[in-house]
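A.B. asks: Structural data only, the sequence is not supplied:
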């Protein structure tokens, strides 16, 4: 049955009454007036609880205690699943925090807790009760418990066309986002300790830069690399597969049913999407008008930020979206792919076979002989080698480095294909998991992993105390930015045309902006690009190329705007950095730019950055430890250790062995000495 037929058979008046947000907003009532309106007799209890009486705890403290509890249970092998999360769902304080975060997403401002009206608290309480009592429905637009701050209240009856527009709208209801925020705040600390340290996407404290630094630090000496693409899991996945993975950490039926109903919403979206596309095709094409933003509506991202987001690498371009789960989908994707991470961690331990004749990795995987400040030098002499493997994953893409024969890499690929088929129900072919040699270069996150052959002079002390100098042969791992990928991204953004010798194009989106505003926007874009290629060996070259493209694009834009016909004339007037004004050339009677700048009538024009190679910062080779953890996890582990009395006693014993003292002991000694000196002075004065 089509949506049009459904609307025809619906009863009109009951449907209008079921829209809770159609009623006019209730007048604001203070907490004291609300208490006076309640009947004094206990027999006449109110129909709904007073939301002010339920605000008892600090939501940040509640979530902090949950993080500490989950990380402390991580030491239990295996960690026990959480059986009661409904207690967190029933806390109204968490719902208020979720509402604040959702308003920050929709409005751009974080509303204070004390500024929320009583009708908002009552609506949040109704939404909480519906979720706790299993009466909440995802994407239900006919019965909304709470409306967004940007949604206008409707106080009149709706026509069938307006009702059809509401039901077929692609935007999810505001209340769905609030429920997603609550689930994310509760489930993220539950699953974070269970995740492997080999995954870096969609997790707090981890990003693409940590992936690149980990590759530089840990992937030296590998000959064969497996680059896999599992992005199909981010698009479509079986609901039962996701729920079986979630049930390993959560056993609460209400939370599981809520997640399952949200994921099943993707199966029921087909009809609405087809009809919405059909309605769009029937609309007449007309001129687009400028949209005026409301006061409480967030401003769109600036041009430089949108351009940089469109410059995202292929591995970070896709964000999972399962049904109506919304912002909860990346966490669910990591829960599924964590099964692959745990399997690969076991494979790494089994694959490791040290060789005593090898100069590196003789005893264990983390033998402490690693220098994190520079890529590790791997000698190439000797027949027997240590077999070793490492693994890293960013979203739906993973990278495996293998030191051994190619047959081992083929076997690992076969095991991964079988595991994905049995566990996730996804059939992969060899093209999805490619085997490449280090000499060809491996592309990952817009960077190319390769190696450099060097011939250092090795000096060591031989028998008899003689110093021996020999020429050695080895390799260093090199991580460079991919220039071809950068050109492809610029071509997709219409900054250049061509492949081998790209020709810059004028930056047409900034045609109607002033010279000062255009230069500042492009400078921010270049700063973010320089920070993105922060850990690339060829950082100066790649950032210099980006600066050349941006500067030439702006020069062509200014040549077209001020009718100067060529870039050379633009550079002649505005200099190489485009910092001098170009508007004076067309009107000689205008006052000088310096006078207008001194009076504050014009904006200062910033020159385009990185006009010379000496201005571009070099690659960042700061040390990166092998067993790196984010700062928040390190603080949590330290806090948990300090809460353990055994650890505290052992720390005090170790301080006494090293003849050290705690700050508290030193302060107590100072106070005691002050008291003694004061008593002695008093006695001396009394004797006199």
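C.D. replies: Perfect, I can see it now. Fair warning: this is a prediction, and the values are worked out from it, not measured in the lab.

A.B. asks: wouldn't residue 342 be in contact with residue 194 here?
C.D. replies: No: contact status for residue 342 versus residue 194: not in contact, 9.1 Å apart, counting by Cβ atoms under 8 Å. C-beta: built from backbone N, CA, C; applies to glycine.

A.B. asks: more crowded one of those two?
C.D. replies: Under the criterion of other Cβ atoms under 10 Å, the comparison of residue 342 against residue 194 puts residue 194 first, with 18 against 14.

A.B. asks: Pull the number of nearby residues for the residue nearest to the more buried one when sequence neighbours are not counted.
C.D. replies: Spatial nearest neighbour of residue 194, excluding adjacent residues (Cβ to Cβ, 6 or more residues apart in numbering): residue 249 at 5.8 Å. Residue 249 has 18 neighbours, counted by other Cβ under 10 Å.

A.B. asks: what's the answer for the one 4 residues further on, then?
C.D. replies: Counted with other Cβ under 10 Å, residues neighbouring residue 253 total 11.

A.B. asks: cool, residue 211 as well?
C.D. replies: 24.

A.B. asks: Can you check what pLDDT the model gives it?
C.D. replies: With respect to pLDDT, residue 211 scores 95.

A.B. asks: Enumerate every residue touching it.
C.D. replies: Applying Cβ atoms under 8 Å, 6 or more residues apart in numbering, one finds that residue 211 lies in contact with 200, 392, 394, 444, 445.

A.B. asks: Then it would be within a helix, right?
C.D. replies: Yes: under DSSP: H, G, I helix; E, B strand; the rest coil, residue 211 falls within a helix.

A.B. asks: Residue 477 in helix, strand or coil?
C.D. replies: strand.

A.B. asks: Would you confirm that it contacts residue 453?
C.D. replies: No: applying Cβ under 8 Å as the test, residue 477 and residue 453 come out as separate, 11.7 Å apart.

A.B. asks: who's more crowded, those two?
C.D. replies: Using other Cβ under 10 Å, the more surrounded residue of residue 477 and residue 453 is residue 477, with 24 against 10.

A.B. asks: gap between that one and residue 201?
C.D. replies: Between residue 477 and residue 201 the distance is 22 Å, computed by Cβ to Cβ, to the nearest Å.

A.B. asks: distance of residue 187 from residue 236?
C.D. replies: 21 Å.

A.B. asks: These two: which has the busier surroundings?
C.D. replies: residue 187 (22 against 10).

A.B. asks: What's the local residue count around residue 657?
C.D. replies: Using other Cβ under 10 Å: residue 657 sits among 8 other residues.

A.B. asks: going forward, begin numbering at 54 instead of 1
C.D. replies: Got it, the first residue is 54 from now on, which makes the last one we talked about residue 710.

A.B. asks: Model confidence for it, exactly?
C.D. replies: For residue 710, pLDDT reads 82.

A.B. asks: what's the neighbour count on residue 730?
C.D. replies: 10.

A.B. asks: is it fair to say residue 482 lies in a helix?
C.D. replies: No: secondary structure assignment (three-state DSSP) places residue 482 in coil, not in a helix.

A.B. asks: Excluding covalently adjacent residues, which one is nearest to it?
C.D. replies: residue 470 (7.9 Å).

A.B. asks: Wasn't that neighbour part of a helix?
C.D. replies: Yes: Residue 470: assigned to a helix according to three-state DSSP.

A.B. asks: what's the spacing between it and residue 464?
C.D. replies: Distance from residue 470 to residue 464, by Cβ to Cβ: 11 Å.

A.B. asks: Then residue 229?
C.D. replies: From residue 229 to residue 464 the distance is 45 Å (Cβ to Cβ).

A.B. asks: Looking only at neighbour counts, state which of these two leads.
C.D. replies: residue 229 (23 against 13).

A.B. asks: Just list what the host helix or strand of the more buried one packs against, helices and strands only.
C.D. replies: In this assignment (DSSP states H and E), residue 229 forms part of helix 227-244. With contacts taken as 3 or more Cβ pairs under 8 Å, 6 or more residues apart in numbering; DSSP states H and E, helix 227-244 sits against helix 112-125, helix 139-142, helix 145-160, helix 171-185, helix 306-316, helix 382-404.

A.B. asks: which ones are touching residue 690?
C.D. replies: Per Cβ under 8 Å, 6+ apart, neighbours of residue 690: 124, 682.

A.B. asks: wait, is it part of a helix?
C.D. replies: Yes: under three-state DSSP, residue 690 sits within a helix.

A.B. asks: Quick check: the gap between the residue nearest to residue 164 when sequence neighbours are not counted and residue 163.
C.D. replies: The shortest distance from residue 164 to any non-neighbouring residue, by Cβ to Cβ, 6+ apart, is to residue 156 (5.3 Å). Distance of residue 156 to residue 163, given as Cβ to Cβ: 7 Å.

A.B. asks: So for those two, which sits in the more crowded spot?
C.D. replies: Neighbour totals were compared for residue 156 and residue 163, and residue 156 leads with 22 against 11 (other Cβ under 10 Å).

A.B. asks: so the more buried one sits right up against residue 165, yeah?
C.D. replies: No: using Cβ under 8 Å, residue 156 is not in contact with residue 165, being 10.7 Å away.

A.B. asks: Which strands or helices does whatever helix or strand residue 501 lives in pack on?
C.D. replies: Element membership for residue 501 (DSSP H and E) is strand 500-507. Other elements packing on strand 500-507 under the criterion 3+ Cβ pairs under 8 Å, 6+ apart are strand 495-497, strand 527-534.

A.B. asks: Turn those strands into CSV, including distance to residue 108 and mean pLDDT.
C.D. replies: Below are the helices and strands packed on strand 500-507 laid out as CSV (distance: least, Cβ to Cβ, whole Å; pLDDT from 0 to 100):
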stretch, distance to residue 108, mean pLDDT
strand 495-497, 48, 93
strand 527-534, 51, 88
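
A.B. asks: I'd like the ones you listed as TSV, with distance to residue 677 appended.
C.D. replies: Output for the helices and strands packed on strand 500-507, formatted as TSV (distance: least, Cβ to Cβ, whole Å):
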stretch	distance to residue 677
strand 495-497	17
strand 527-534	12
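
A.B. asks: Can you check which of those strands gets nearest to residue 118?
C.D. replies: Nearest of those to residue 118, taken as Cβ to Cβ: strand 495-497 at 38.5 Å.

A.B. asks: packing partners for the closest one?
C.D. replies: When contacts are defined as 3+ Cβ pairs under 8 Å, 6+ apart, strand 495-497 sits against strand 277-282, strand 450-456, strand 500-507.

A.B. asks: Tell me, please, where in the protein the pLDDT is lower than the cut-off.
C.D. replies: 54-101, 206-209, 318-343, 412-429, 432-437, 637-655, 732, 735, 738-741 (pLDDT under 70).
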